[in-house]
Structure formats: structure tokens, C-alpha cells
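> A structural model of the following input is requested.
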Amino acid sequence: MNNQGKIESFFYRSLENQVNDKMLDDYSYNIPISMLKKYVKSIIDIPYEEFLYFIISWDYPPISTEDMTQSSSFSASEIEMCSILSDNDNPGYSFEEIGRLFPHYCKSQTEYALRKYGENQIKTSKQLGLVFQYYSSWYLSCFGYVYKELNEDDKSAFIARSILRDPFYGTIIRDILTRDVTINNYLQGLSPSTIHRRSPGIMRILKYALNAAKKEHIELHHIIKLLPPK
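Take a look at the predicted model:
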């Protein structure tokens, strides 16, 4: 399969959906870590430029408020989420149950606070390509198992490619290929104070893509501008 075919398969989530389905069907299923690591390696070995060329014609759905990242701790959505879910045998969790897994971050133990914290972190994990939802439960994806075994450079390379599949980040990166963009324009429906609060977390994730492009000397349309709350 050529690089174009590999990228297309990655965007359609062909392999990961197959493995994730097997994980759901059989709790004792042995996840093929070695095969998945080779697959992830083959994906991150594809030049980033080819991913950027691919997304020019990718049909992203419209951005909704559900896509607008709200993460108070990136680590909790990233490596800590992978470690905690795998250490607990990945049984599937509700938002509230996920919140209870992070008592060191979620200081308030009210049902509402736990549910909101869990929801915000796990949805960010999904945007990174590390978890998936099945009905009302959330699971570590097969890529989440592999991710925690990657070195730091490969982790960054994976996230830079994985976020391009997300409607929110993919749309922003596609737009910045041709023009300067302002984050506020992608956060329609949020109050200025909410935009101000969410922007640092959004920028942190976007920098994975910006750094991957910079590494290959790809010029994007300048710095993403953040407007202060009015």
C-alpha cells in the first residue's frame, strides 16, 4: 500500500476499529501490540507534508461546541489517561467514573464536578486518538495501549498526525495552510471568557501540528492569532 492509501486508511480508522471491536467482543482478547507498534511506526514515518496535502480534500463535518476542547490538564488526557485505563484493565467508564480516576486533579468530589472533569478530559483524549466511545462508556483504544510505549519524539509525531482526523483541529490546520487564522472564529457560541479559558489548551495541542510542519520546513500561514476577551 502506498502512502496515500495508508493515510486514507488511517483517516477511516480501518485497522483500529477492527481491533477495538475485538477488544469489546472478547474481554480476554490479546491486543496485538507488536503489530500495532509497527503500524503506528509506518504512519509516523510518512512525511507530514503528505498528511497536509491529504487534508486539503478531506471532508470534515462542521465544528460543533462538542468539538471545542476543554481540558484543564493535558497530561490527564494524554499519558495519564493511557496508563490509568490500561492499569485498570480498561473496563469502560462513564464520565463520572473517569473523574474519580483523577482525585489529584479533580478536587471537588461532587457528582457534577466529577462528571464534568471526566467528560472534558476523555473527550480531549478522543481528539488525540487515544480512546473511543461505545454507547455511554469510554475505553482506551488499541492505539492508546501503543502510545504509552512510544518514545517522546514518536508520541509527538503520532499526535501531530492523529489530531488531523479530528474535525476541530483538522479544520484549523487545513485553513492555516492557506491563510492566517484566529482561534475565536472556530469557537462560535462560546463566551469571550470561555474562549480565553480554553485557548491555552487548544494552542498546546495545535503546537504538535505546527512543530511537525516546522520540523519538515513547511511554511504555514503564520501564527495563529488569539484575540483577547471583549
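> would you list every one of the helices in the chain?
3-11, 14-25, 33-44, 48-55, 74-77, 79-87, 95-100, 111-128, 142-147, 152-162, 167-176, 192-215 (DSSP state H).
> between those helices, which one is nearest to residue 66?
Proximity to residue 66 (C-beta to C-beta) singles out helix 111-128 among those, at 7.5 Å. Every C-beta, even on glycine, is put in place using the N, C-alpha and C of the backbone.
> quick revisit: comparing the helices of the chain, which comes out most buried?
helix 142-147 (a mean of 25; mean count of other C-beta atoms under 10 Å).
> Which elements pack onto that one?
If you count contacts as 3 or more C-beta pairs under 8 Å, 6 or more residues apart in numbering; DSSP states H and E, helix 142-147 packs onto helix 14-25, helix 33-44, helix 79-87, helix 152-162.
> got the angle for the last one vs helix 111-128?
Yep, that's helix 152-162 we're talking about. Here the directions of helix 152-162 and helix 111-128 differ by 90 degrees (axes from the mean of the first three to the mean of the last three C-alpha atoms, to 10 degrees).
> do the third one as well
Taking the same axes, to 10 degrees, helix 79-87 and helix 111-128 form an angle of 100 degrees between their directions.
> For the residue nearest to the spatial centre of the chain, give me its contacts.
Residue closest to the average C-alpha location in the chain (C-alpha atoms, centre = their mean): residue 128, at 1.3 Å. With contact set as C-beta atoms under 8 Å, 6 or more residues apart in numbering, residue 128 has these partners: 77-78, 159, 162-163, 205.
> again with residue 148
Counting by C-beta under 8 Å, 6+ apart, residue 148 makes contact with 79, 82-83, 86.
> do residue 162 as well
128-129, 143.
> so can I have CSV of those showing distance to residue 179?
Shown next, in CSV, are the contacts of residue 162 (distance: C-beta to C-beta, whole Å):
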residue, distance to residue 179
128, 26
129, 26
143, 31
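> Low-confidence stretches in this protein?
223-230 (pLDDT under 70).
> what do you get if the cut-off is 80, keeping everything else the same?
Filtered on pLDDT under 80, the chain yields the residue ranges 106-108, 222-230.
> Show me the contact partners of stretch 92-112.
Stretch 92-112 is contacted from outside by 72-73, 76, 80, 84-85, 88, 113-119, 121-122, 134, 136-139, using C-beta under 8 Å, 6+ apart.
> One more pass at 7 Å, please.
72-73, 76, 84, 113-115, 117-119, 121-122, 134, 136-139 (C-beta atoms under 7 Å, 6 or more residues apart in numbering).
> Check stretch 151-161 too.
By C-beta under 7 Å, 6+ apart, the list of residues contacting stretch 151-161 reads 40, 43-44, 48, 51, 128, 147, 150, 208-209, 211-212.
> Closest one of those to residue 5?
residue 43 (11.9 Å).
> Residue 151 versus the nearest residue to the closest one once chain neighbours are set aside, what's the distance?
Excluding its sequence neighbours, the residue lying closest to residue 43 (C-beta to C-beta, 6 or more residues apart in numbering) is residue 10, at 5.6 Å. Using C-beta to C-beta, to the nearest Å, residue 10 is found at 20 Å from residue 151.
> Alright, that wraps it up for me.
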